[in-house]
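K.L.:
for reference, the sequence and a predicted model appear below.
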Amino acid sequence: EKVYDVKSRKAASVPAEFAKTAYMGIDKKDTYATLYFPAAEVNGNTHSYILEVYDTDGNKVGENTVNTEHHIDASGEYYSDYYSIAVGGLKPETEYVFKVYARDWFFNKSATPLVVKAKTLNS
């Protein structure tokens with residue numbers, strides 16, 4: 001019998017991916033934004049989603065997470081179809097790149113995030 005330690009399980013885990021046609025919406029304000037996106041394709045291994053925010057120089061300036069309704073039986077029927085996540089601490093009239101990744105139980109991120117570029121509003 002093969003025994004897996006945490007490191008081996010993390011390496012073998014495969015996070016969910018978003019559908020190729022998935023896209024993300026955004027509600028922009030002056031110092032924060034709320035992102036709206038569909039769930040990743042059905043995968044009982046989806047623990048959470050992480051939003052990363054980058055400035056135009058590629059520096060990460062913010063992040064936030066939202067957990068899924070993960071269940072012990074790993075059934076996809078319990079998961080929501082859509083999620084939203086907000087991030088604050090942004091500067092007014094500034095362009096940002098917002099990326100959302102699906103994460104598995106070991107916090108491995110999906111290979112391809114949903115991405116949207118947007119400018120915050122004037123204060």
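P.N.:
Structure received. These numbers come from a predicted model, not from an experiment.

K.L.:
how about residues contacting stretch 5-12?
P.N.:
By C-beta atoms under 8 Å, 6 or more residues apart in numbering, the surrounding residues in contact with stretch 5-12 are 4, 106, 108. To be clear about C-beta, it is placed using only N, CA and C from the backbone, and glycine gets the same treatment.

K.L.:
how close does the first one get to Pro113?
P.N.:
Relative to Pro113, Tyr4 is positioned 28 Å away (criterion: C-beta to C-beta, to the nearest Å).

K.L.:
give me the more crowded residue out of these two.
P.N.:
Between Tyr4 and Pro113, Pro113 has the larger neighbour count (other C-beta atoms under 10 Å), namely 20 against 10.

K.L.:
got the contact list for that one?
P.N.:
18, 52, 99-101 are the contacts of Pro113 under C-beta under 8 Å, 6+ apart.

K.L.:
ok, Leu122 touching Pro92?
P.N.:
Small correction: residue 122 is Asn, not Leu. Yes. The criterion here is C-beta atoms under 8 Å, and Asn122 meets it with Pro92 at 5.7 Å.

K.L.:
what do the two both touch?
P.N.:
Taking C-beta under 8 Å, 6+ apart as the criterion, Asn122 and Pro92 both touch Asp30.

K.L.:
settle it for me: which of these two has more neighbours?
P.N.:
The residue with more neighbours, out of Asn122 and Pro92, is Pro92; 12 against 7, by other C-beta under 10 Å.

K.L.:
quick one: secondary structure of that one?
P.N.:
Recorded secondary structure, Pro92: coil (DSSP: H, G, I helix; E, B strand; the rest coil).

K.L.:
and the gap between it and Glu52?
P.N.:
20 Å.
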